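S.K.: how would this look folded up:
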Amino acid sequence: NISEEYKQEIYGVSQFASSKYDYIAPKYQRILNYHGAHDIGHAMQNMNLVACSSFGAWNGYTQDSSLLIARNFDFYAGDDFAQEKIILFVKPDSGYKLMMVTWGGFTGITSGMNEHGLTVTLNAAPSKLPSSSATPITLISRQILQYAKNIDEAFDIAVKSKCFVSESFLIGSALDHKAVLIEKTPDTTILYTSPKDEILSTNHFQSTYFMNDPVNVKHKEESATVFRYNRLQQLLSQEKIHTPISSVSILRNRLGWNNTNIGLSNENTLNQLVAHHSIIFQPEKKMIWVSSNPYQMGVYVCYDLNKIFASDFDITKHEHVYEKNQTIAADSFLLTPAYASYVYYKKILQKLQFTAFKTTLSEAEITKFAGSNPEYFDTHVHIAQYYMNKKEFVKALPYLKTAQSKTIPRKEDRDKIVKLIETCNKEL
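M.R.: Predicted coordinates:
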């Protein structure tokens, strides 16, 4: 299911992989299988691995009418993973020059743009559990970026490709001066065009074809995807005219519907403080802005593909390849006590999870942890689980009741809290 071209590339990269993990599998087989990580994330959505948001705007929705694409790649595999990213520029033996945001050993594409101003960003869609092998989604998007210069060619590649999970490809095209969604399942591929000069994507299908699909309907009812879509729509309608800077402001927004505080990391927000990267494209200008750490809160670094892809570009003659005067400033939130509290929250959370709630915290630490992210339901659930692990059900119950009063995006989390309350009541 993987072309010889990409197998050779993955094999070449794998020769420089660490020997530390050879006990899992030989280097090549290991790196090859890593390319299915995004797809595996679909099957494990209850682990909150995949919750991306993106939008495209053009004509009357942007300052100069040019096409603008913005996205948060909220694929979470731990904070260490989110800290490491590579901006990769590729001049392949065949096809078009392209750039992508990636990480060590990964040649697939989750976010990227080619020399024709065609962009691809991925948004996970509801899937059934895979029943057979196929091509990883990120290698399908790599093929689109490398061999398509417009929407028709991108759609043709998507139709011919076999996948084993469902996906929404947000395709932006400088040549077509618009953005569309390619909604793809293992069985069907649909081109969705927005009725406006603006298109949004979270983690559900929008086309008429998939509107009443049972898997799609269930996912919309039980996950955060519709809440996040509506919040994105609300923020976009407030801005009216979009620029790279205004788009960054939207992607960084940490609040819920009508700017309510629903806790940091809540899936109903655009900025869940889990993003591997965030990116802005201006396809017709061949300009790109990529976020730096932490998450999408650091500066957005600008790259000009007109310069980098020019035939006479010599990287050895440049101190750096980014456009220093086009940098978008870091979020001032990073300098606030609220962010310092969130850092403490993550520190204690990781301690609790790493020890399966068997660590020992002082009452002062518990109080500080509860106040470090008080509006987030899961803060109180974790404290309750800590006490339940110690058989202190009287102390656990109030925290579960508090959690129940907060905004809880997923049905499975609401059900989990009900079961934990039932367990506490039985033990009292």
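S.K.: against residue 277, how distant is residue 332?
M.R.: Separation of residue 332 from residue 277 (C-beta to C-beta, to the nearest Å): 20 Å. C-betas here are computed from N, CA, C, even on glycine.
S.K.: for residue 242, that is, sorry about that
M.R.: 20 Å.
S.K.: and stretch 131-138, which residues are buried?
M.R.: The neighbour-count criterion (16 or more other C-beta atoms under 10 Å) identifies 134, 135, 136, 137, 138 as the buried residues of stretch 131-138.
S.K.: which residues in the stretch 151-300 of the chain form helices?
M.R.: Using DSSP state H, counting those that start in this stretch, the helices of the stretch 151-300 of the chain run over residues 151-160, 214-222, 225-239, 244-251.
S.K.: could you give the number of residues near residue 33?
M.R.: Here the number of neighbours of residue 33 (other C-beta atoms under 10 Å) works out to 14.
S.K.: so who does it touch?
M.R.: Residues in contact with residue 33 (C-beta atoms under 8 Å, 6 or more residues apart in numbering) are residue 25.
S.K.: work out the gap between the helix or strand it falls within and the centre of the chain.
M.R.: Assigned by DSSP states H and E, residue 33 falls within helix 27-34. In terms of C-alpha atoms, centre = their mean, to the nearest Å, the centre of helix 27-34 is found 23 Å from the chain centre.
S.K.: any buried residues in that helix, and which?
M.R.: Using 16+ other C-beta under 10 Å as the burial criterion, the residues of helix 27-34 that qualify are 27, 28, 30, 31, 32, 34.
S.K.: mind checking what secondary structure the residue lying closest to residue 32 once chain neighbours are set aside has?
M.R.: Computed as C-beta to C-beta, 6 or more residues apart in numbering, the closest residue to residue 32 that is not its neighbour in sequence is residue 10, at 5.4 Å. Using DSSP: H, G, I helix; E, B strand; the rest coil, the three-state assignment for residue 10 comes out as helix.
S.K.: from here on, call the first residue 22.
M.R.: Yep, numbering from 22; the last one is residue 31 now.
S.K.: my read is that residue 31 contacts residue 49, right?
M.R.: Yes - taking contacts as C-beta atoms under 8 Å, residue 31 lies within contact range of residue 49: 7.1 Å.
S.K.: ok so, going back, so which of the buried residues of stretch 152-159 belong to helices?
M.R.: Counting by DSSP state H, the part of those found in helices is 158, 159.
S.K.: show me what secondary structure element comes after the worst-scoring helix or strand of the chain on mean pLDDT.
M.R.: Each helix and strand of the chain was given a mean pLDDT (mean pLDDT, DSSP states H and E); the minimum falls on helix 58-64 at a mean of 72. Helices and strands here follow DSSP H and E; after helix 58-64, the next one along the chain is strand 74-78.
S.K.: okay, and for this structure, where does confidence drop off?
M.R.: Under the criterion of pLDDT under 70, the regions of the chain flagged as low confidence span 62-71.
S.K.: thinking again about what came up before, wait, which of the buried residues of helix 48-55 is closest to residue 349?
M.R.: For residue 349, the closest of those turns out to be residue 55, at 30.9 Å, with distances computed as C-beta to C-beta.
S.K.: can you tell me how far the closest one sits from residue 272?
M.R.: Here the distance between residue 55 and residue 272 works out to 27 Å (C-beta to C-beta).
S.K.: again, but for residue 371
M.R.: For residue 371, the distance to residue 272 equals 25 Å [C-beta to C-beta].
S.K.: those two - which one has more neighbours?
M.R.: Taking residue 371 and residue 272 together and counting by other C-beta under 10 Å, residue 272 has the greater number of neighbours (25 against 12).
S.K.: surely the more buried one meets residue 290?
M.R.: No - with contacts defined as C-beta under 8 Å, residue 272 does not count as touching residue 290, sitting 10.8 Å away.
S.K.: strands of the stretch 322-449 of the chain, start to end?
M.R.: Ranges of strands within the stretch 322-449 of the chain: none, based on DSSP state E, counting those that start in this stretch.
S.K.: and the residue nearest to residue 53, how many neighbours?
M.R.: Per other C-beta under 10 Å, the neighbour tally for residue 31 reads 22.
S.K.: contacting residues around it?
M.R.: Residues counted as contacts of residue 31 (C-beta under 8 Å, 6+ apart) are 23, 49, 52, 53, 56, 128.
S.K.: the helix or strand where residue 140 lies: how far from the chain's middle?
M.R.: If you go by DSSP H and E, residue 140 is part of strand 139-145. Centroid displacement of strand 139-145 relative to its chain, using C-alpha atoms, centre = their mean, is 11 Å.
S.K.: again, but for stretch 87-94
M.R.: Taking C-alpha atoms, centre = their mean, one finds stretch 87-94 lying 13 Å from the centre of the chain it belongs to.
S.K.: same check on stretch 22-31?
M.R.: From the chain centre to the centre of stretch 22-31 is a distance of 25 Å (C-alpha atoms, centre = their mean).
S.K.: now do stretch 222-234
M.R.: The answer for stretch 222-234 is 18 Å, by C-alpha atoms, centre = their mean.
S.K.: can you give me the end-to-end distance of that stretch?
M.R.: Counting by C-alpha to C-alpha, to the nearest Å, you get 17 Å between the two ends of stretch 222-234.
S.K.: list the buried residues for it?
M.R.: Neighbour-count burial for stretch 222-234, with 16+ other C-beta under 10 Å as criterion, is recorded at 222, 223, 224, 225, 226, 227, 228, 230, 231, 234.
S.K.: ok, the first one to residue 263 distance?
M.R.: Summarising the geometry, the distance separating residue 222 from residue 263, computed by C-beta to C-beta, is 15 Å.
S.K.: next one: the second one
M.R.: As judged by C-beta to C-beta, residue 223 and residue 263 stand 17 Å apart.
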